[in-house]
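[1] predicted model follows, preceded by the sequence.
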Amino acid sequence: MKQQEIIVPLCNNCALESGSIFKYLTPDEVETLNFEKDFRLYKRGDILYQEGNRISGFFCVNSGIIKVFKTGFDGKEQIIRFAKKGDIIAYRSVLSNELACTSAKVIEDCHVCFIPSEILISFIKTNPAYALELLKLACHELGEANSFITDIAQKTVRERLAEILLFLVNDFGLDSDNFLNISLTREELSNIVGTATESVIRLLSEFKSDKLVELNGRKIKIINTKGLEKISNVFS
């Protein structure tokens, strides 16, 4: 059987479609990026990099979904974020020249571009607009991390689960039948919320009984957004 040809996307087109920070590069810098990057295909379950390892570059997601997580002493994952089209991951370890502080695993088959460290550093040194946007991105992610820490300390598991569902709606959207455009296991949901899998299963069942959601395997249908907002106290 003839192998399907892989078409490597051009960074200028991808940046405009996804709104990634590469749209702030000059035409010459985009040309350099197109030439230097390594376009890769990963399958669900593949590991891009692991916490504690030194990495020689960072990743830009062209398609699919990747979870970024830390592993606790008990081996349980704590999911930090999901990366989708246009997002970059592992760049902070490149900037700090430190070992990777997270791991990244594919949860939906993806295409990514691997970009060598020296390319990122050179763009920062020569392109102030790009450097500023990268700084803004890092600050935004730090703000999200601070909010998550506050939620863990001050909100109940029920409130956090409702907030996570709203976050997933905002980040990935709903299909025509109001199902989330991301499919997660109950364990993965618990690893975002920061609780036991059994607690998430019980709370999802309660949400279903309260007609807030419907469940179809891993798929979650959002029925009552206002009800989830009330539970989450997200606007309080």
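    Happy to help now that I have it.

[2] what does the pLDDT read for the most centrally placed residue in the chain?
    Geometric centre of the chain, nearest residue: Phe82, 1.8 Å, by Cα atoms, centre = their mean. pLDDT, Phe82: 93.

[3] which non-adjacent residue is nearest Phe39?
    Spatially, and ignoring its direct neighbours in sequence, Phe39 is nearest to Val8 (4.4 Å; Cβ to Cβ, 6 or more residues apart in numbering). Where you see a C-beta, it was placed from the backbone N, CA and C, and this is true even at glycine.

[4] doesn't the one you found belong to a helix?
    No - under DSSP: H, G, I helix; E, B strand; the rest coil, Val8 falls outside any helix and is assigned coil.

[5] what are the phi and psi angles of it?
    Main-chain dihedrals, Val8, degrees, to the nearest 10: phi -80, psi 120.

[6] picking that back up, how far away is the residue nearest to the centre of the chain from Phe39?
    Between Phe82 and Phe39 the computed distance is 21 Å (Cβ to Cβ, to the nearest Å).

[7] in the worst-scoring helix or strand of the chain on mean pLDDT, which residues are buried?
    Every helix and strand of the chain was ranked by mean pLDDT, DSSP states H and E. The lowest is helix 11-18, at a mean of 72. For helix 11-18, the neighbour count (16 or more other Cβ atoms under 10 Å) marks 11-12, 14-15, 18 as buried.
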